[in-house]
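Asker: below: sequence and its predicted model.
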Amino acid sequence: MVSVFLREHESIERALRRFRKKAERGGLNREIRRRVSFIKPSVERRNKRLRSLYQQRALNKRIG
């Protein structure tokens, strides 16, 4: 869980900015998006395999 405590003489806007950065670095938004809808395990495996193939092709294209 991401938590941010308000420091002395710190504006709420600044604390909110710190919270957003921590949430982004912690992967909170990605996790929320992932949990919004159910994805079948077979579809997850397929997406993982396709993502891996895409990354391999991009890497091979860069190398030569």
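Answerer: Yep, it's here.

Asker: report all helices and strands that the helix or strand of the chain with the lowest mean pLDDT contacts.
Answerer: Least confident helix or strand, the chain: helix 28-36 with a mean of 88, by mean pLDDT, DSSP states H and E. The helices and strands touching helix 28-36, judged by 3 or more Cβ pairs under 8 Å, 6 or more residues apart in numbering; DSSP states H and E, number zero. Every C-beta, even on glycine, is put in place using the N, C-alpha and C of the backbone.

Asker: which residues touch that helix?
Answerer: The contact list for helix 28-36 (Cβ atoms under 8 Å, 6 or more residues apart in numbering) reads 2, 23.

Asker: may I have the helix or strand encompassing R51 as PDB, with CA atoms only?
Answerer: If you go by DSSP states H and E, R51 is part of helix 41-63. Provided in PDB are the C-alpha atoms of helix 41-63 (Å, rounded to 0.1, in the frame of the first residue of the first chain):
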ATOM      1  CA  PRO A  41      -5.800 -17.800 -17.800                       C
ATOM      2  CA  SER A  42      -5.500 -19.100 -21.400                       C
ATOM      3  CA  VAL A  43      -5.800 -15.500 -22.700                       C
ATOM      4  CA  GLU A  44      -3.200 -14.300 -20.200                       C
ATOM      5  CA  ARG A  45      -0.800 -17.000 -21.400                       C
ATOM      6  CA  ARG A  46      -1.500 -16.100 -25.000                       C
ATOM      7  CA  ASN A  47      -0.900 -12.400 -24.400                       C
ATOM      8  CA  LYS A  48       2.300 -13.200 -22.500                       C
ATOM      9  CA  ARG A  49       3.600 -15.300 -25.400                       C
ATOM     10  CA  LEU A  50       2.700 -12.600 -28.000                       C
ATOM     11  CA  ARG A  51       4.300  -9.900 -25.900                       C
ATOM     12  CA  SER A  52       7.500 -12.000 -25.600                       C
ATOM     13  CA  LEU A  53       7.600 -12.600 -29.400                       C
ATOM     14  CA  TYR A  54       7.100  -8.900 -30.000                       C
ATOM     15  CA  GLN A  55      10.000  -8.100 -27.700                       C
ATOM     16  CA  GLN A  56      12.200 -10.700 -29.300                       C
ATOM     17  CA  ARG A  57      11.600  -9.400 -32.800                       C
ATOM     18  CA  ALA A  58      12.200  -5.800 -31.700                       C
ATOM     19  CA  LEU A  59      15.500  -6.900 -30.000                       C
ATOM     20  CA  ASN A  60      16.600  -8.900 -33.100                       C
ATOM     21  CA  LYS A  61      15.800  -5.900 -35.300                       C
ATOM     22  CA  ARG A  62      18.000  -3.600 -33.200                       C
ATOM     23  CA  ILE A  63      20.900  -6.100 -33.100                       C
END
